[in-house]
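1. Got a predicted structure plus its sequence, pasted below:
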Amino acid sequence: MRMCFAAALLATVSLASVAQAQERFEVVLAPGPLAADAEQGHLDVTLKLSGVDAAAGQPLLALPVVIANTATVATTLQNLRATDAAGEVPLSFKDDPVAIAYARHWIPGRAVKGDLTVSYRAPIDNTPPKRGAGPPYQLRTEGGGLSGVGNTFILIPEGAKPYDISLRWDLSKLPGSAATSSYGDGDVSLGVGPAGRLMSTVFMAGPMHRYPQDAKGGFSAVWLGTPPFDPAPVMDWTQQLHSWMIGFFRDPSEPPYRVFLRYNPINAGGGAALTNSFLTTYGKTGSGEALKGTLAHEMIHTWTAVDGPGQWFGEGNAVFYQALLPLRAGLITPDDYLADINETARRYYSNPLNNTPNDQIAPRFWEDTRVRVLPYDRGAMYFAVLDGQIRKASGGKRSVDDLVIEMVERERRGQTTGEADWLALLDKELGAAGAKTHAAMLAGGLMVPEADGFGPCFTRTTGKVRRFELGFEPKSLVGDVKTIRDLQAGSEADKAGLKAGDVVTYGQALDALQGDPEKQLTLQVTRAGKTFPISYLPRAEEVEIYQWKRVPGVPDTACGRGA
């Protein structure tokens, strides 16, 4: 499951100010030497800024300390040094109040004028992150190289000033290696724009593997090391889907899109959509087939991650389309599509917190997986409900596709794409009924598509599943030190021997675990100085849920309606 966090870090800037920009921002990345099996390493970073005009005591540079439950190098970077024409610039720092996401700000002890050079070492340690699951942003070593996202290791100048940004690599300590980023291979110029663009940029250097070998634009994929499967077949599938989606979303050009593939010890199979690219991950075992849903989901964000409406829009339509578009493209079967629908439905309808209002999701997002998945699951069912309503109201002439594509085209034309714009589109299609459905979704109302809400091949039925239940306070798993609180007597966790006060670590993605009723949770427990594993099935009482099944006699060719 993918989370869209990077966009909030990008500063906005008017076209007029971009046109006037003269300042330069050069980033030089110099990886240290890395053996193929290295678990630690470093990346030396040099930043060169022109046109700096900062008063003493005025924040100069910033980097998140924690972003999307992911720790950065803000507190561990080494040898930080800043100089301008007058010599050394003394730096102190101040942190924002500690929160789920907060930043460190570096402050000069004297005024800074003109050209500024900042250098530091970003340490790399592959130890599984203490904070637990989060997007795969952190710097990691792999296969004699390294990769990471800019929001975990590149200090950014404060403010919204546009810069002419360039990226340079020094691979002298990584002989035989190549380097790439979301913006292209090797040294690249990003052009004029906000420095915050670097925060959502993926960087990779080392002895890279590529698909296709001779990529010259459009789709490509890169990875380091040796995954437990051959990435080429699934990347070929993804390239075909990318070409099909360009037509579906009426894109007048072929946008560049690069898949970065790397190992993830905590949330294998997860990923993050970033600038012109998607960072996806694998575990010690697994297959390329298992990545198809994630790859499709994240690629949809290339077009539908419009600013304004809310996470229910971007994540909801990505889940709604993640199997539907590959089905229409002829790249999966109707049974694959049905499995995807039922996985989403199973997790949503069995979720005891599925009535959580939308405005409570953000503050509780990282505290409880049952809340975190709602923009995805409820959002997808909301789009399915709307699709059925629009098709019925238009006599089958229109669908939710028309509204989503209009939002994409509004953004392409530079028009507003807020919630009000979405509601205006709904009003044209459905009148007051559209606003009523939307308000119910935001309030936490249960979204139930009609029996044929996923097309003539499928009909709604019911099934039973045990609710997901950790057996203790979910917030116990938040933070650097995870201590079990409020253990429920008689729960599966209690029966397995877990005790209040146990300190635990885990290496599983709870969002995916919640969707798999057969999957056990394994916690590494430290108690009285001893560490040992406890495994159990995190489930509670059985509940009835909605599911969908095939309608006998309807041909496969009728299943991808709207194709």
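-> Thanks, I have the structure now. Numbering: from 1, shown residues only.
2. Against which helices or strands is the stretch of helix or strand Gln524 belongs to packed?
-> Using DSSP states H and E, Gln524 maps to strand 521-527. Counting contacts by 3 or more CB pairs under 8 Å, 6 or more residues apart in numbering; DSSP states H and E, strand 521-527 packs against strand 503-506, strand 530-536. C-beta: built from backbone N, CA, C; applies to glycine.
3. ok, and what's touching the longest one?
-> By that I understand strand 530-536. 471, 492-493, 495-498, 520-525 (CB atoms under 8 Å, 6 or more residues apart in numbering).
4. most neighbours, which of those residues?
-> Leu523 (25 neighbours; other CB atoms under 10 Å).
5. Quick check: it touching Lys499?
-> No - Leu523 is beyond contact range of Lys499, at 11.4 Å (criterion: CB atoms under 8 Å).
6. ok, back up a step: can you give me the mean pLDDT across the strand holding Gln524?
-> Mean pLDDT, strand 521-527: 94.
7. what about it, distance to the chain center?
-> Distance, stretch centre to chain centre, for strand 521-527: 27 Å (CA atoms, centre = their mean, to the nearest Å).
8. What lies in contact with the one helix or strand Met441 maps to?
-> Per DSSP H and E, Met441 falls inside helix 432-443. Residues from elsewhere that reach helix 432-443, judged by CB under 8 Å, 6+ apart: 312, 357-359, 378-379, 382, 385-386, 389, 393, 422-423, 426-427, 430, 447.
9. returning to that earlier point: from the contacts of strand 530-536, which is closest to Ala558?
-> Gln520 (39.1 Å; CB to CB).
10. contacting residues for that closest one?
-> 535-538 are the contacts of Gln520 under CB under 8 Å, 6+ apart.
11. can you do 10 Å?
-> If you count contacts by CB atoms under 10 Å, 6 or more residues apart in numbering, Gln520 has them with 492, 496, 508, 513, 535-539.
12. In the contacts of strand 530-536, find the pair that's most separated.
-> Lys495 and Gln524, at 18.5 Å, using CB to CB across those.
13. follow-up on the earlier one: where do the contact lists of Leu523 and Lys499 overlap?
-> By CB under 10 Å, 6+ apart, Leu523 and Lys499 have these common neighbours: 484, 493, 534.
14. Could you dump those into CSV with distance to Val319 and pLDDT added?
-> Below are the shared contacts of Leu523 and Lys499 laid out as CSV (distance: CB to CB, whole Å; pLDDT from 0 to 100):
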residue, distance to Val319, pLDDT
Ile484, 31, 95
Ala493, 29, 96
Ile534, 32, 96
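15. now, which of those sits nearest Arg262?
-> Ile534 (29.4 Å).
16. The closest residue to Leu77 other than its chain neighbours: how many residues sit nearby?
-> Counting by CB to CB, 6 or more residues apart in numbering, Leu77 lies nearest to Tyr120, which is 4.8 Å off, once chain neighbours are set aside. Neighbour count for Tyr120, taken as other CB under 10 Å: 18.
17. Mind listing what's buried along the host helix or strand of Tyr120?
-> Using DSSP H and E, Tyr120 sits in strand 112-125. Buried residues in strand 112-125, counted by 16 or more other CB atoms under 10 Å: 112, 116, 118-122, 124-125.
18. what's the following helix or strand after that strand?
-> That would be, after strand 112-125 and using DSSP H and E, strand 140-142.
19. Verify the stated contact: Val306 with Arg413.
-> No - counting by CB atoms under 10 Å, Arg413 is not a contact partner of Val306; they are 11.6 Å apart.
20. and the two? which has more neighbours close in?
-> More crowded of Val306 and Arg413, by other CB under 10 Å: Val306, with 22 against 8.
21. quick check: angle from the longest helix belonging to the chain to helix 432-443?
-> Assignment by DSSP state H gives helix 374-393 as the longest helix of the chain. With axes from the mean of the first three to the mean of the last three CA atoms, to 10 degrees defining the directions, helix 374-393 sits at 170 degrees from helix 432-443.
22. Quick check: buried residues in helix 374-393?
-> Taking 16+ other CB under 10 Å as the criterion, helix 374-393 shows 374-391 as buried.
23. same deal with stretch 76-88?
-> Here stretch 76-88 shows 77, 82, 84 as buried, counting by 16+ other CB under 10 Å.
24. what's it in contact with?
-> Against stretch 76-88 from outside (CB under 10 Å, 6+ apart): 42-47, 49, 52, 54, 60-61, 63, 89-91, 93, 104, 106, 108-125, 153, 155.
25. Alpha carbons of it, as CSV, please.
-> Extracted as CSV, the C-alpha positions of stretch 76-88 are listed here (Å, rounded to 0.1, in the frame of the first residue of the first chain):
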residue,chain,number,x,y,z
THR,A,76,23.0,11.5,12.9
LEU,A,77,24.7,13.4,10.1
GLN,A,78,28.4,14.0,10.7
ASN,A,79,31.1,16.7,9.9
LEU,A,80,28.5,19.4,9.1
ARG,A,81,30.4,22.5,7.8
ALA,A,82,29.3,25.7,6.1
THR,A,83,31.5,28.4,4.5
ASP,A,84,30.9,31.6,2.5
ALA,A,85,33.3,34.3,1.3
ALA,A,86,34.0,35.4,4.8
GLY,A,87,34.9,31.9,6.0
GLU,A,88,33.4,29.4,8.4
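26. pLDDT averaged over it - what is it?
-> Stretch 76-88 shows a mean pLDDT of 97.
27. how distant is that stretch from the center of its chain?
-> 33 Å.
28. Adjacent strands (with direction) for the one helix or strand Trp548 maps to?
-> Per DSSP H and E: Trp548 is located in strand 539-550. When pairing is defined by DSSP bridges, strand 539-550 lines up against strand 458-468 (antiparallel).
29. Buried residues of the strand it pairs with, list them for me.
-> Under 16+ other CB under 10 Å, the buried positions of strand 458-468 are 458-460, 463, 465-468.
30. Same check on stretch 126-144?
-> Applying 16+ other CB under 10 Å to stretch 126-144 flags 126, 129, 131-144 as buried.
31. which regions of the stretch 201-350 of the chain lie under the pLDDT threshold?
-> Residues of the stretch 201-350 of the chain meeting the criterion pLDDT under 70: 215-217, 307.
32. any chance you could map the strands in it?
-> 202-206, 209-211, 219-223, 257-263, 271-274, 277-282 (DSSP state E, counting those that start in this stretch).
33. on that earlier part again, turn the buried residues of stretch 76-88 into JSON lines, columns for secondary structure and distance to Pro33.
-> JSON lines is the format used below for the buried residues of stretch 76-88 (DSSP: H, G, I helix; E, B strand; the rest coil; distance: CB to CB, whole Å):
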{"residue": "Leu77", "secondary structure": "coil", "distance to Pro33": "19"}
{"residue": "Ala82", "secondary structure": "strand", "distance to Pro33": "26"}
{"residue": "Asp84", "secondary structure": "strand", "distance to Pro33": "31"}
